[in-house]
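everything below, folded, please.
(chains A and B)
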Amino acid sequence: DGGITQSPKYLFRKEGQNVTLSCEQNLNHDAMYWYRQDPGQGLRLIYYSQIVNDFQKGDIAEGYSVSREKKESFPLTVTSAQKNPTAFYLCASSIEGSGFFYEQYFGPGTRLTVT
Amino acid sequence: GQQVMQIPQYQHVQEGEDFTTYCNSSTTLSNIQWYKQRPGGHPVFLIQLVKSGEVKKQKRLTFQFGEAKKNSSLHITATQTTDVGTYFCAGGGGSYIPTFGRGTSLIVHP
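Model prediction:
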């Protein structure tokens, strides 16, 4: 059963703490993405990775970090430097294309609340 | 960077009425995709358009890509309560990274 998993579904943290969100895929996709979704804001790109051990900043990377040590995994760390971390976080993967983007498969998302 | 504008932000309809959402870009798009996100869910791919003037249909849904490849639309005929959700377009101009519109939330009143 192929797909993307994200855990946990809901996460609560105190302000000042770093938190890592998990994203795993078994679709054999090279490209993986992290998006943040706020009401009325659509999907904003945080980080993306085309290949293992390589990743690039998206539009709103400040206060976030990622790693890509395995093809299947692309964890996102929300650091204490992120000023407004409460949001819905979505991970996605796709076939990697040069000059063309392909269908994105999304995970179920993690809803992070920081108080 | 690439910007994709999507309107309207919200649309209320009575069940059975039609619905249309529009996506516009200031630059030419290589391709455009449409996704649907149900309330509390995650975006799910609906379709991709690549060719200028392309029209594709999925049952009651009709997708169009403009002749200049700068705009696209999604039209739903005779909405049903199962159509409720937010519809996103995602466009790109020669990059493997798509730019998502802000989405149109469809509310269907029975």
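
give the contact list for A:P85.
Neighbouring residues of A:P85 by CB atoms under 8 Å, 6 or more residues apart in numbering or on different chains: A:R13, A:V19, A:G63, A:V78, A:L112, A:V114. (Glycine included, C-beta is placed from N, CA and C.)

ok, now which ones touch the residue of chain B at minimum distance from chain A?
Proximity of chain B to chain A (CB to the nearest CB) peaks at B:R102, 3.8 Å away. By CB under 8 Å, 6+ apart, the residues touching B:R102 are A:G40, A:Q41, A:G42, B:M5, B:Q6, B:Q9.

inside strands: which ones of those?
Residues of the contacts of B:R102 located in strands (DSSP state E): A:G42, B:M5, B:Q6.

got a quick PyMOL command for the buried subset of those residues?
With 16 or more other CB atoms under 10 Å in any protein chain shown as the criterion, this PyMOL line picks the buried residues out of the ones in strands among the contacts of B:R102:
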select buried, (chain A and resi 42) or (chain B and resi 6)
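
with the ones in strands among the contacts of B:R102 in mind, which one is nearest to A:G107?
Nearest to A:G107 among the ones in strands among the contacts of B:R102: A:G42, at 17.3 Å, using CB to CB.

who does that closest one form a beta bridge with?
Beta bridges link A:G42 to A:D38, judged by DSSP bridges.

now the helices: where do they sit in chain B?
For chain B, helices defined by DSSP state H do not occur.

chain A contacts on that one?
Within chain B, the positions lying close to chain A (CB under 8 Å from any CB of the partner chain) are B:1, B:6, B:9, B:30-31, B:33, B:35, B:41-45, B:48, B:88, B:90, B:92, B:94-98, B:100-103.

now with 6 Å, please.
B:H42, B:P43, B:F45, B:G92, B:G94, B:Y96, B:P98, B:F100, B:R102, B:G103 (CB under 6 Å from any CB of the partner chain).

of the contacts of A:P85, buried ones?
A:R13, A:V19, A:V78, A:L112, A:V114.

now the last one: how far from A:C91?
The one in question is A:V114. Counting by CB to CB, to the nearest Å, the gap from A:V114 to A:C91 is 19 Å.

with the fourth one instead?
The gap separating A:L112 from A:C91 is 13 Å, by CB to CB.

residues contacting the residue in chain A that chain B sits nearest to?
Going by CB to the nearest CB, chain B is nearest to A:G42 of chain A, at 3.8 Å. Counting by CB atoms under 6 Å, 6 or more residues apart in numbering or on different chains, A:G42 touches B:F100, B:R102, B:G103.
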